[in-house]
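# Sequence plus the predicted model coming up.
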Amino acid sequence: MIERRKIFYAFSGILILASIASLAVFGLPLGIDFKGGSLMEITFEAESDGGAIPQRDEISSALSEFKIGELSIQSTNENSYILRFDTVDQDTHTAILEKLGGLEGSTVNEDRFDSIGPTIGAETARKSLQAMGLVSFMIVVYVAWAFRKVKYPLNSWSWGVVVLMTLFHDIIITVGFFSVYAHFASAEVGVPFVAGLLTILGYSVTDTVVVFDRVRENLLRFGSKIPFPELANKSVKETLVRSLNVSLTTLFVLFAVLFFGGDTIRSFILTLIIGISVGTYSSVALASPLLVTWAGRKN
């Protein structure tokens, strides 16, 4: 692992550049949680006497008389849709539902309706960023405290900074992949996406700390008798099977939920799958090599 660190650095660099490029090209489509607006999830039932399910064009045409801004219609299955539009009051909401119920050949059921004002959306976005910043800072403090007795070859704060670098690596790649998915699948970023990122931060740092803890144990056991690159490589090999087993069992469950779960949590589960996969890679192939590189430059 350690002797091939330049290959891992190059691979991670390519992934980060690709993620930044995807964000620049596709961006992150913010959902109503952040920019405000209304979301209506409806299900049509065809009438028994040869009725038909309305299509997107019919729905768009029926709602054109309402001043609801840009209308986004996403099909979740053959008879269900998710409608996104500007914030509306209760009277307009009722009128929209009556209009959809009057479409010939079917009846409509409202499964969900959410409406958030732009002020609340901006507040949610600000607090989400604050939460991620606070979590990242506390992770660095925790790692620095946990490794406070380690003096060779780096001080404890250096270990915390390396953890923060790997976390940034995991988050930026996850966000980049999600921007591509959101563009082609018409998905949006909401609070579940932020919850997924926070979960990834906790999962990734746990995996990295397990590897670092084995490095620390070997440092206390062998000290400087073994060159640090060799010692770090030994530690990674000793924890490799454990890291892969934990990640694979978690991914098996997530893929099952992705394929058999509902559309409501699809974005959240996909975020976890990407983040845990990238986090496992960075814990094994990036964190310890970064320590070795930093220690080598310091010496």
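Cool, got the structure.
# Which neighbouring elements make contact with the helix or strand encompassing residue 168?
Under the criterion of DSSP states H and E, residue 168 resides in helix 156-185. When contacts are defined as 3 or more C-beta pairs under 8 Å, 6 or more residues apart in numbering; DSSP states H and E, helix 156-185 packs onto helix 5-26, helix 118-146, helix 191-222, helix 266-285, helix 287-298. For glycine as for every other residue, the C-beta is placed from the backbone atoms N, C-alpha and C.
# Just the buried residues of it, please?
If you call a residue buried by 16 or more other C-beta atoms under 10 Å, then helix 156-185 has these buried ones: 156, 158-160, 162-164, 166-167, 169-182.
# who wins for proximity to residue 109 among the helices and strands packed on helix 156-185?
Minimum separation from residue 109 across these (C-beta to C-beta) falls at helix 266-285, 21.2 Å.
# Show me the shaky parts of the stretch 1-150 of the chain.
Under the criterion pLDDT under 70, the flagged ranges of the stretch 1-150 of the chain are 1, 48-51, 118-121.
# circling back: tell me which of the helices and strands packed on helix 156-185 sits most buried.
Among the helices and strands packed on helix 156-185, ranked by average contacts under mean count of other C-beta atoms under 10 Å, first place goes to helix 266-285 (a mean of 22).
# Can you check what angle separates that one from helix 156-185?
140 degrees (axes from the mean of the first three to the mean of the last three C-alpha atoms, to 10 degrees).
# Report all helices and strands that helix 266-285 contacts.
helix 5-26, helix 156-185, helix 191-222, helix 228-260.
# Out of these, which gets the lowest mean score?
Ranked by mean pLDDT, the helices and strands packed on helix 266-285 bottom out at helix 191-222, with a mean of 85.
# what angle sits between it and helix 266-285?
Using the same axes, to 10 degrees, helix 191-222 lies at 20 degrees relative to helix 266-285.
# With distance to residue 101 as added columns, please give the helices and strands packed on helix 266-285 in TSV.
TSV is the format used below for the helices and strands packed on helix 266-285 (distance: least, C-beta to C-beta, whole Å):
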stretch	distance to residue 101
helix 5-26	36
helix 156-185	28
helix 191-222	29
helix 228-260	31
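# what's stretch 233-245 in contact with?
With contacts defined as C-beta atoms under 8 Å, 6 or more residues apart in numbering, stretch 233-245 is touched by 1-3, 207, 210-211, 214-215, 217-218, 226, 280, 283-284, 288.
# before we move on, back to that, so which of the helices and strands packed on helix 156-185 gets nearest residue 62?
The nearest among the helices and strands packed on helix 156-185, by C-beta to C-beta, is helix 118-146 at 25.9 Å.
# From the chain's centroid, how far away is that closest one?
15 Å (C-alpha atoms, centre = their mean, to the nearest Å).
# What of stretch 100-115?
The answer for stretch 100-115 is 32 Å, by C-alpha atoms, centre = their mean.
# Can you tell me what sits against it?
Under the contact criterion C-beta under 8 Å, 6+ apart, stretch 100-115 has outside partners 32, 37-47, 50-54, 58-59, 62-63, 80, 87-88, 93, 97.
# Could you list which of those belong to helices?
Using DSSP state H, the subset of the contacts of stretch 100-115 located in helices is 32, 58, 59, 62, 93, 97.
# So among those residues, which ones count as buried?
Using 16+ other C-beta under 10 Å, the buried members of these are 32, 58, 59, 93, 97.
# now residue 227: how far from residue 44?
68 Å (C-beta to C-beta, to the nearest Å).
# which one of these two has more residues nearby?
Legend: neighbour count by other C-beta atoms under 10 Å for residue 227 and residue 44, higher for residue 44 (22 against 12).
# Which two among the buried ones among the ones in helices among the contacts of stretch 100-115 are spaced furthest apart?
Farthest-apart pair in these is 32 and 58; separation 23.7 Å (C-beta to C-beta).
# out of the ones in helices among the contacts of stretch 100-115, who's nearest residue 191?
Nearest to residue 191 out of these is residue 32 (C-beta to C-beta; 10.0 Å).
# how about the closest one, what does it touch?
38, 39, 84, 114, 115, 116, 121, 188, 190.
# Hey, what's the angle from the helix or strand harbouring the fifth one to helix 118-146? Just curious.
Using DSSP H and E, the secondary-structure element containing residue 115 is strand 106-116. Using the same axes, to 10 degrees, the inter-axis angle of strand 106-116 relative to helix 118-146 is 60 degrees.
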